[in-house]
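Q: Starting from these lines, generate the structure:
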Amino acid sequence: MNEVSDIAKTAGYEVAGQVTQHRDAVDPAYCIGEGKLDEVSKIIREATIEVVIFTRQLSAGQIFRIGKKLGDTVRVLDRNLLILEVFDKRSATTEAKLQIELARLRYTFSWGRESVRMRGIVSEQMGRGGPGRYPYQVYESMARKRISRIERELREIRSKKAHLREHRGKAGFQTVALTGYTQSGKTTLFNRLTLESKEMGMGPFTTLSTFARKASLPPQPEGANSFIITDSIGFIEDLSPLLLNAFHTTLNELANSDLILLFVDSSEDIGNVKRKISTCYKVMAQEVYGVPVLICLNKVDLATREHLDKVSEETRRVFEHEEIVEISSKTGANVQELLQKIAARLSKPVSTEL
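A: Here you go, the predicted model:
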């Protein structure tokens, strides 16, 4: 609930209040019970609420039914639609804009059909005297064409990025990818190591597209003295596969890197740490194979030694064999130690077993 509130504020909304209901099962019609929805409707009328956001994913039918119940002046969003709204506000590159539009088209693809059904005209017959093609069929046809065009444009962009990665590899540059839950401090370290000034502290999903820059390593007797570091969009719990697939490039950057730095916000309470580490593990287990991982317990300047030990213990429960280093991207604490560990990892030859 608090995470969705933070995302709503990032999208520019003023959060007027929260309503919670505990149920044994989700109501198939409204997600929450009809009585609870009546309670929400009353709050809306009394406080002049313009938008209602559900923390769960809603079906197209649920969104239309809830909207009909609450009135035409109230917008109904679920968690994924809210995230897409933030993505849309934050997108700065052509690739990000295309990925967001593709995700929205796929996520709302069934809405045209559902809209027709909710208006009660699905039973109209096609043929002589009929309306011709149903409105949803026209919508779906146009959506399919738009999806195909966006996919084609994204393939061209990804092909150029693949060639760029290949060129870096031939030039001898190894790549280190920054990843982790959103707002874990990845961009702060990226700026520190590259002397860039990417925006930070803007709430969830400050970074939407991958950024790659050259960074220096401490002097080494052997091996490279620099590497390419990439910053990318952060993970979030229960993100719809349709939205995750739209950010294929981010996952591709991870899969093609030589080392992944996985960021964990060690200043958060243990409950949030466990939830977010689990989310990172699930995404990486599905999308990233065989790439070495170095876990960065970040924001140590905001945590006690006792709390850091607990965070480290919970991290080790999920990532049993990965090395952990405690750092502060903001103050620079232990960043030199991190760079030494990166240098050691990048200097190791990669072995392939057949």
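
Q: hey, where'd the helices end up in the chain?
A: For the chain, the helices defined by DSSP state H occupy 2-10, 34-47, 60-70, 79-90, 94-107, 111-118, 135-170, 186-194, 241-246, 248-255, 270-287, 305-318, 335-347.

Q: Make JSON lines from those and add distance to Val26 and mean neighbour count to it.
A: (Glycine included, C-beta is placed from N, CA and C.) Below are those laid out as JSON lines (distance: least, Cβ to Cβ, whole Å; neighbours: other Cβ atoms under 10 Å):
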{"stretch": "helix 2-10", "distance to Val26": "16", "mean neighbour count": "17"}
{"stretch": "helix 34-47", "distance to Val26": "12", "mean neighbour count": "14"}
{"stretch": "helix 60-70", "distance to Val26": "9", "mean neighbour count": "18"}
{"stretch": "helix 79-90", "distance to Val26": "14", "mean neighbour count": "21"}
{"stretch": "helix 94-107", "distance to Val26": "19", "mean neighbour count": "20"}
{"stretch": "helix 111-118", "distance to Val26": "18", "mean neighbour count": "17"}
{"stretch": "helix 135-170", "distance to Val26": "25", "mean neighbour count": "13"}
{"stretch": "helix 186-194", "distance to Val26": "34", "mean neighbour count": "22"}
{"stretch": "helix 241-246", "distance to Val26": "19", "mean neighbour count": "17"}
{"stretch": "helix 248-255", "distance to Val26": "29", "mean neighbour count": "20"}
{"stretch": "helix 270-287", "distance to Val26": "20", "mean neighbour count": "16"}
{"stretch": "helix 305-318", "distance to Val26": "28", "mean neighbour count": "15"}
{"stretch": "helix 335-347", "distance to Val26": "44", "mean neighbour count": "16"}
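
Q: Next, format the ones you listed as CSV and append mean pLDDT and distance to Val176.
A: Converted to CSV, the helices of the chain look like this (pLDDT from 0 to 100; distance: least, Cβ to Cβ, whole Å):
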stretch, mean pLDDT, distance to Val176
helix 2-10, 88, 27
helix 34-47, 92, 47
helix 60-70, 89, 41
helix 79-90, 83, 24
helix 94-107, 83, 21
helix 111-118, 66, 41
helix 135-170, 77, 12
helix 186-194, 89, 9
helix 241-246, 69, 22
helix 248-255, 69, 11
helix 270-287, 89, 15
helix 305-318, 95, 19
helix 335-347, 91, 6
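
Q: Let me have those in a markdown table, adding distance to Ala16 as columns.
A: Output for those, formatted as a markdown table (distance: least, Cβ to Cβ, whole Å):
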| stretch | distance to Ala16 |
| --- | --- |
| helix 2-10 | 10 |
| helix 34-47 | 6 |
| helix 60-70 | 14 |
| helix 79-90 | 15 |
| helix 94-107 | 26 |
| helix 111-118 | 27 |
| helix 135-170 | 33 |
| helix 186-194 | 30 |
| helix 241-246 | 26 |
| helix 248-255 | 33 |
| helix 270-287 | 24 |
| helix 305-318 | 33 |
| helix 335-347 | 41 |
